[in-house]
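Visitor: coords please:
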Amino acid sequence: MSKHSNSLYPLIRDFLIVYLPKQKAASPHTVKSYKESLNLLIDYTKEAMSVPMMKIDFETLTRNHLENFLDWLETTRECSISTRNQRLTAIKSFYAYASNRDITVVSFAGEINKIPAKQIEKVHDLKYFSEEALELILQQPDTSNKKEMRNLFFMILLYDTGARKQEILDLRLNNVHITSKEPYVVLTGKGQQTRLVPLMAKTVDHYKKYISLDLHGKEQP
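Guide: The predicted structure is shown next:
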């Protein structure tokens, strides 16, 4: 038994029984999760390295060993990346505590702390308005009023082009081109990058109705 194994289990005990619940005021759920993480690591080490439990020490739990443990969680236990990261956070938290209590653990904690959390691929579920919902929304503006007609046009333009709010706010009349065979609008995005976005015939019709109204909401001759 090495000198480090003499401190490993007492430090785990103090971490779970004293530090987390009494000093850190962690919830019982957090304490349980951290305990499970450390238990899994010890169990994995016993099986993977054929090491008796009482001979496991900080020198056994190297960075490479912990990285193998995290991969084992994903592949063998089929844990999610989120669960993998939670286990890593719990173990890092223990090492941070242990290094503050025992200076000989500092070098081990430094290596463990270099292990990055695994990035979770973000999946965006796009949800679209139903035709009925969209129609209901577009019926709200009072088209006899120029401001309301403007609002309706911008709502339709947003839907048609998929433009950002700021791109619509930055629009000028000369950005809308409806005289060409294929009508389009010039949008200016981040970094002053411009792009040409084609317009549907219905969008062009609403634009023409909007600019045909004067300030009093009457059609110009």
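Visitor: Could you list the low-pLDDT ranges of the chain?
Guide: 1-6, 123-129, 131, 134, 213-221 (pLDDT under 70).
Visitor: For it, just list every one of the strands.
Guide: Applying DSSP state E to the chain gives strands spanning 176-177, 184-188, 194-198.
Visitor: Show me which positions of the second one end up buried.
Guide: Just to be clear, that refers to strand 184-188. Of the residues in strand 184-188, 184-185, 187-188 count as buried by neighbour count, 16 or more other Cβ atoms under 10 Å. Glycine gets a C-beta too; all of them are placed from N, C-alpha and C.
Visitor: What number of residues are in the vicinity of I12?
Guide: 19 (other Cβ atoms under 10 Å).
Visitor: do the one 5 residues further on as well
Guide: A count of nearby residues for I17, using other Cβ under 10 Å, gives 12.
Visitor: where's it relative to Y9, distance?
Guide: 12 Å (Cβ to Cβ, to the nearest Å).
Visitor: one step back: pick out whichever of the buried residues of strand 184-188 sits closest to L40.
Guide: L187 (51.6 Å; Cβ to Cβ).
Visitor: what's the spacing between the closest residue to the closest one other than its chain neighbours and S27?
Guide: Sequence neighbours aside, E167 is the residue nearest to L187 in space, at 4.6 Å (criterion: Cβ to Cβ, 6 or more residues apart in numbering). According to Cβ to Cβ, E167 stands 45 Å off from S27.
Visitor: hey, C-alpha coordinates of stretch 88-103 in PDB?
Guide: What follows is stretch 88-103, C-alpha atoms only, in PDB (Å, rounded to 0.1, in the frame of the first residue of the first chain):
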ATOM      1  CA  LEU A  88     -16.200  13.900 -14.700                       C
ATOM      2  CA  THR A  89     -17.400  17.000 -12.800                       C
ATOM      3  CA  ALA A  90     -17.900  15.000  -9.600                       C
ATOM      4  CA  ILE A  91     -14.400  13.400  -9.800                       C
ATOM      5  CA  LYS A  92     -12.800  16.800 -10.600                       C
ATOM      6  CA  SER A  93     -14.600  18.300  -7.600                       C
ATOM      7  CA  PHE A  94     -13.200  15.500  -5.300                       C
ATOM      8  CA  TYR A  95      -9.700  16.000  -6.600                       C
ATOM      9  CA  ALA A  96      -9.900  19.800  -6.000                       C
ATOM     10  CA  TYR A  97     -11.000  19.100  -2.400                       C
ATOM     11  CA  ALA A  98      -8.300  16.400  -1.900                       C
ATOM     12  CA  SER A  99      -5.500  18.700  -3.200                       C
ATOM     13  CA  ASN A 100      -6.500  21.300  -0.700                       C
ATOM     14  CA  ARG A 101      -6.300  18.800   2.100                       C
ATOM     15  CA  ASP A 102      -3.200  16.900   1.000                       C
ATOM     16  CA  ILE A 103      -0.500  18.700  -0.900                       C
END
